[in-house]
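> predicted model and sequence below, questions to follow.
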Amino acid sequence: MAEQTELVLNNIKAILEASGSSLEQVLKVNIYLSDIAKKPEMNEVYKRFFPKAPPARIGMGGLQLDDGLDIEIDVIASCD
C-alpha cells in the first residue's frame, strides 16, 4: 500500500506541476482502497505529501480496483 500510494501521489504531483498547479493547490482528494484495513499505511505516506492543512478528502474501501491495484486517487486542484 505504501509503495502504491507514493507512486500515485508522485504521479499526481507531476501532472499538477506540468499544468501550472501544485499539491498545495489541491482542494479535494478522493481515495479508493482495495482494503480499508490498509488505510493507516496509506495515511503515513499521504501525510508526507500534505503535511500542512490537508485538503478535504473522501476515502472508500473494500473496492475491486482496476488492474488489481490496491489504491486509486483523484484530486481537484486550482490553477492560479
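Everything's here; your move.
> so which strand or helix has the residue nearest the centre of the chain?
The central residue of the chain, meaning the one whose C-alpha is nearest the mean C-alpha position (CA atoms, centre = their mean), is residue 73 at 4.4 Å. Element membership of residue 73 [criterion: DSSP states H and E] is strand 71-77.
> circling back: confirm for me that the residue nearest to the centre of the chain is in contact with residue 33.
No. Residue 73 sits out of contact with residue 33 when judged by CB atoms under 8 Å, with a separation of 9.6 Å. The C-beta positions use only the backbone N, C-alpha and C, and glycine is treated the same way.
> from residue 54, how far out is the closest residue to residue 79 other than its chain neighbours?
Counting by CB to CB, 6 or more residues apart in numbering, residue 79 lies nearest to residue 21, which is 4.6 Å off, once chain neighbours are set aside. Summarising the geometry, the distance separating residue 21 from residue 54, computed by CB to CB, to the nearest Å, is 16 Å.
> which helices and strands does the longest helix along the chain pack with?
Taking residue count as the measure and DSSP state H as the definition, the longest helix of the chain comes out as helix 2-18. Counting contacts by 3 or more CB pairs under 8 Å, 6 or more residues apart in numbering; DSSP states H and E, helix 2-18 packs against helix 39-49, strand 71-77.
> neighbour count winner among residue 21 and residue 54?
residue 21 (17 against 13; other CB atoms under 10 Å).
> who touches the more buried one in this structure?
If a contact means CB atoms under 8 Å, 6 or more residues apart in numbering, then residue 21 has 77, 78, 79, 80 as its contacts.
> need those in TSV with neighbour count and distance to residue 37, can you?
Conversion of the contacts of residue 21 to TSV gives the following (neighbours: other CB atoms under 10 Å; distance: CB to CB, whole Å):
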residue	neighbour count	distance to residue 37
77	19	29
78	10	33
79	9	36
80	7	38
